[in-house]
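In: below: sequence and its predicted model.
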Amino acid sequence: MRCLLPLCLLALPAGAEDLEPGASGAAIEVDVELVLAVDVSRSISPEELAIQRLGYAEALTAPEVLEAIGDGLLGRVAITYIEWSGVNAQRTVIDWTLVDTPEAAQRFADEVLANNLGVMRRTSISGALAYAAAAFEDNGFEGLRRVIDISGDGPNNDGPPVAPVRDEVVARGITINGLPLMTNDGSGFQYLPDLDLYYRDCVIGGPMAFVMPVTGWENFADAVRRKLVMELAGLPPMDLPEAAAPAATPAGAAGGYDCMIGERMGRGARPF
C-alpha cells in the first residue's frame, strides 16, 4: 500500500512492528479492527480523564457490547486503546488485543483502568487520525471492517489540517466515527458550541460514519456504550432509536463547516 503524505510524516505506534500474527503465520481474522482514540489534551482535566477511562472500561464489558461482539460473523474483534493530544504526542496504552469472550473484554477494561498517565499539550486530530490509521498496518489481525473511534473536546489546532488527512484515512477503507465532548460551560480555549457539526463535516468519514455528541460527563459512559454497539455490530445510526438526531449525526449530512477554524482561533493564543 502506498504511503499517503500526511500519514508518512508520523511514525508508526511504538511496538506495532513487533506484533506477532496468528500461530499459522497468517493474520487472525476478526469482524472489526477498532482503534479507540481518546483525547488527553490539556483541556481535559485529570477528573475528566478518569471519567473517560472508566466510561470505556464500563462500556467494553456491558452486556449489549458483549452481545454485539458475539453476534458478529466470527464472534471476535481486535481493539487497541490510544491516547492523543499534539501532532507528535500519541501513546498506545493497550496494544492490539483479541476480544472474543467476556473474560477478554474484562482484562482489556482492567488495563484501561490501570493506566495512570496524565494529559499532554495541544490538539491534533489530524495527528491522531494518522497515528490510528498507521496502527492497522501489520497488526496481526485482518478485519472485515476497520474503524477509528475518536473523541475530542475541541477542533484541530496542531499539525496538518484535519480534513485532507481524514480523506486519506477514509481512502484506505477505514471508517472514522466521532465522539465530540461538548461538556464545558463555553469559557474554555477554542470552545465550539457546535463541535458536533465540526466533527460531522471535518472529522468523520467512511461507510455509516456517525457522530455521537456527549453533552454532559454524566452521559459519557452511556454514549460510549451505544457507540460501541453500533460500531461493533455494523449498524447505521438510524437502526438504534437512542442514536437518533441530535444524539448522532449521519455522515454526509448538509453542512460546510470551516475545517480550519481551530487553526484560525489558535493564532496568537495558547494551544491546548
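Out: Happy to help now that I have it.
In: now do the helices in the protein.
Out: With DSSP state H as the definition, the chain shows helices at residue ranges 5-8, 46-60, 63-70, 102-114, 125-135, 162-171, 195-198, 220-233, 261-266.
In: okay, those in TSV with mean pLDDT next?
Out: Below are the helices of the chain laid out as TSV (pLDDT from 0 to 100):
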stretch	mean pLDDT
helix 5-8	48
helix 46-60	89
helix 63-70	96
helix 102-114	95
helix 125-135	95
helix 162-171	95
helix 195-198	92
helix 220-233	91
helix 261-266	79
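In: for residue 93, what are its contacts?
Out: 81-83, 111-112, 115, 117 (C-beta atoms under 8 Å, 6 or more residues apart in numbering). For glycine as for every other residue, the C-beta is placed from the backbone atoms N, C-alpha and C.
In: now those residues as CSV including distance to residue 65 and neighbour count?
Out: Below are those laid out as CSV (distance: C-beta to C-beta, whole Å; neighbours: other C-beta atoms under 10 Å):
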residue, distance to residue 65, neighbour count
81, 14, 26
82, 19, 22
83, 21, 26
111, 16, 15
112, 13, 21
115, 19, 16
117, 24, 10
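In: inside strands: which ones of those?
Out: 81-83 (DSSP state E).
In: okay, the helices of the chain, which one's buried deepest?
Out: Of all the helices of the chain, helix 125-135 carries the top mean neighbour count, a mean of 27, counting by mean count of other C-beta atoms under 10 Å.
In: roughly how far is it from the heart of the chain?
Out: 9 Å (C-alpha atoms, centre = their mean, to the nearest Å).
In: re the thing from before, right, and the helices of the chain - which one's nearest residue 207?
Out: helix 162-171 (9.1 Å; C-beta to C-beta).
In: neighbouring contacts of the closest one?
Out: With C-beta under 8 Å, 6+ apart, helix 162-171 has contacts from 4-7, 125-126, 129-130, 132-133, 148, 155-156, 176, 202-206, 259, 262.
In: which one of the ones in strands among the contacts of residue 93 is nearest residue 233?
Out: Ranked by distance to residue 233 (C-beta to C-beta), these are led by residue 81 at 19.7 Å.
In: the closest residue to residue 178 other than its chain neighbours: how many residues sit nearby?
Out: Nearest residue to residue 178, sequence neighbours excluded (C-beta to C-beta, 6 or more residues apart in numbering): residue 199, at 3.7 Å. Close neighbours of residue 199, defined as other C-beta atoms under 10 Å, add up to 31.
In: residue 75 now?
Out: Residue 75: 12 surrounding residues under other C-beta under 10 Å.
In: from residue 164, how far out is it?
Out: Distance, residue 75 to residue 164, using C-beta to C-beta, to the nearest Å: 37 Å.
In: please report the distance of residue 143 from residue 29.
Out: 8 Å.
In: between those two, who's got more neighbours?
Out: Using other C-beta under 10 Å as the criterion, residue 143 and residue 29 rank with residue 143 on top: 20 against 14.
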